[in-house]
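**Q** Here's my sequence, what's the structure:
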Amino acid sequence: MLATIAIIIISVFMLLFAINHFFGNKDLYEKTSHIPGPLAFPLIGSAYLFIGDISSTNILQKISKVVYTYASPCRFIVGINVSVLIHEPEHIKTVLLSSKTTEKHAIYDFGKVWIGNGLVTAPRDVWRVHRKLIQPAFVPKILHSFVAIFQKTSILLVNEWAGQVDGPEFEVYSYLIFTSFRNICESSLGMPVTTKTKPIEQYIEACERVFEMAALRPTKPWLHSDTIFNMTPKSKIFYEAVKYLKSFTMNVIEERRNYLKSESFGNEDEIEKKTFLDLMLEMADNGHFTDEEVREHSDTMITAGYDTVARVNCFTLLMLASHPDIQAERTRPSDPGHTRSIKPRGQIFRRAPGSTLNTKSPTFTGVTSVFHVDRGNSVGRYPLTHREQNISDKL
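**A** The predicted structure follows:
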């Protein structure tokens with residue numbers, strides 16, 4: 001009985017909030033009314049399109065269908081949120097180059113408990129200041145110095161795959177994720193990774209748990225509220241993973257800070273090739289960043305540097321396996337006069353019959369950007385991407 005009363009009270013409050021927000025957004029509805037899009041009803045918008053299956057896979061497919069049905073741009077309203085979907089390259093270029101589209105959508109708030117105000121999640125005012133401060137870490141001279149690291153880890157990856165030649169199909173994701181992690185740790189944090197130790201395995205596993213939950217919550221409206229989410233069993237797993245990720249990064253930062261102050265550091269090559277973390281710590285010593293901000297940007301760098309690269313590489317290998325003619329073209333020597341002999345080996349990557357991307361690998365249905373318009377007439381952008389969940393959807 002009490003549970004029924006509680007549900008009724010919560011439902012009434014949610015309805016009142018929706019009605020208030022709807023009329024508060026009335027001006028935005030009218031301003032975007034000339035943009036074509038699926039039929040939208042009061043309060044629910046076009047949410048009826050998702051009836052029957054609210055998994056992230058189905059939601060992405062439905063939104064993709066809207067994108068391919070209507071010309072760019074098109075209006076898409078879900079509940080009380082007004083979004084504009086664009087997929088024409090020129091439209092995307094125009095919006096991305098605008099200084100008015102740097103504000104993040106509220107969906108990024110789900111990751112703030114971990115990476116706080118890192119560049120991916122930071123509000124506009126913080127993003128502008130921090131981006132200018134961090135920019136020197138990405139000058140071409142520094143980036144070019146990483147090539148040797150990438151070459152070294154690529155050779156290690158090829159050697160690891162050598163044992164799989166002429167063997168059965170195998171999962172490439174675990175190899176690629178570790179190689180990408182090696183790259184970002186050594187190039188940006190100054191932390192060479194030679195073997196997959198237990199702490200590193202735990203870090204990667206913790207990242208997966210956080211990513212899965214961050215992808216799940218946007219598809220479950222009742223989990224948008226932190227209060228409700230914190231009452232679910234999965235929230236404990238999420239916060240434990242976040243706690244481990246933060247402690248891992250803080251340990252790396254402290255070790256690097258101590259090394260920079262030690263007598264071991266100081267040779268000409270190290271001073272010339274300062275890592276991203278080195279520059280962050282230098283600016284922290286000058287009062288530009290707090291230790292927590294250094295941690296937030298470092299976690300953002302690790303995440304963006306290894307997870308995204310590994311998934312794109314998975315997708316690239318799938319495409320090469322699906323198009324043997326392109327694969328053959330890409331594996332030919334580009335310079336006929338080169339000194340190193342490359343023996344033809346036929347098709348290096350083959351796609352297993354009936355195979356698809358593993359649930360941990362990326363799934364793409366096109367290049368689309370979503371721009372959310374809020375009541376203050378600011379525009380927040382977020383990419384239309386998809387990540388399969390391994391965790392239970394029964395929340």
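**Q** my read: Ser235 touches Thr227, true?
**A** No: under the criterion of Cβ atoms under 8 Å, Ser235 makes no contact with Thr227, lying 10.4 Å away. C-beta: built from backbone N, CA, C; applies to glycine.
**Q** Between these two, point out the one with more neighbours.
**A** Between Ser235 and Thr227, counted using other Cβ atoms under 10 Å, Ser235 has the larger neighbour count: 16 against 6.
**Q** check contacts around the residue lying closest to the more buried one once chain neighbours are set aside.
**A** Distances taken as Cβ to Cβ, 6 or more residues apart in numbering put Phe229 closest to Ser235, at 5.4 Å, once the chain neighbours are dropped. By Cβ atoms under 8 Å, 6 or more residues apart in numbering, Phe229 lies in contact with 217, 223, 235.
**Q** What distance do you get for Phe229 to Ile326?
**A** Distance of Phe229 to Ile326, computed by Cβ to Cβ, to the nearest Å: 44 Å.
**Q** ok so, going back, nearest to His288 among the contacts of Phe229?
**A** Arg217 (32.6 Å; Cβ to Cβ).
**Q** a helix runs through that closest one, doesn't it?
**A** Yes: the assignment for Arg217, made by DSSP: H, G, I helix; E, B strand; the rest coil, places it in a helix.
**Q** Tell me where the stretch 101-250 of the chain has strands.
**A** 103-104 (DSSP state E, counting those that start in this stretch).
**Q** So, low pLDDT: which residues of it?
**A** Scanning the stretch 101-250 of the chain for pLDDT under 70 picks out nothing.
**Q** rerun that using 80 as the cut-off
**A** Along the stretch 101-250 of the chain, the model assigns pLDDT under 80 to residues 101-102, 105-106, 164-167, 169-170, 194-197, 219, 221.
**Q** how about the helices in it?
**A** 112-115, 124-134, 140-144, 147-162, 173-189, 198-216, 226-229, 233-261 (DSSP state H, counting those that start in this stretch).
**Q** So which elements touch the longest one?
**A** Secondary structure elements in contact with helix 233-261, counted by 3 or more Cβ pairs under 8 Å, 6 or more residues apart in numbering; DSSP states H and E, are helix 112-115, helix 198-216, helix 276-285, helix 291-302.
**Q** chain center to stretch 41-60, what's the gap?
**A** 23 Å (Cα atoms, centre = their mean, to the nearest Å).
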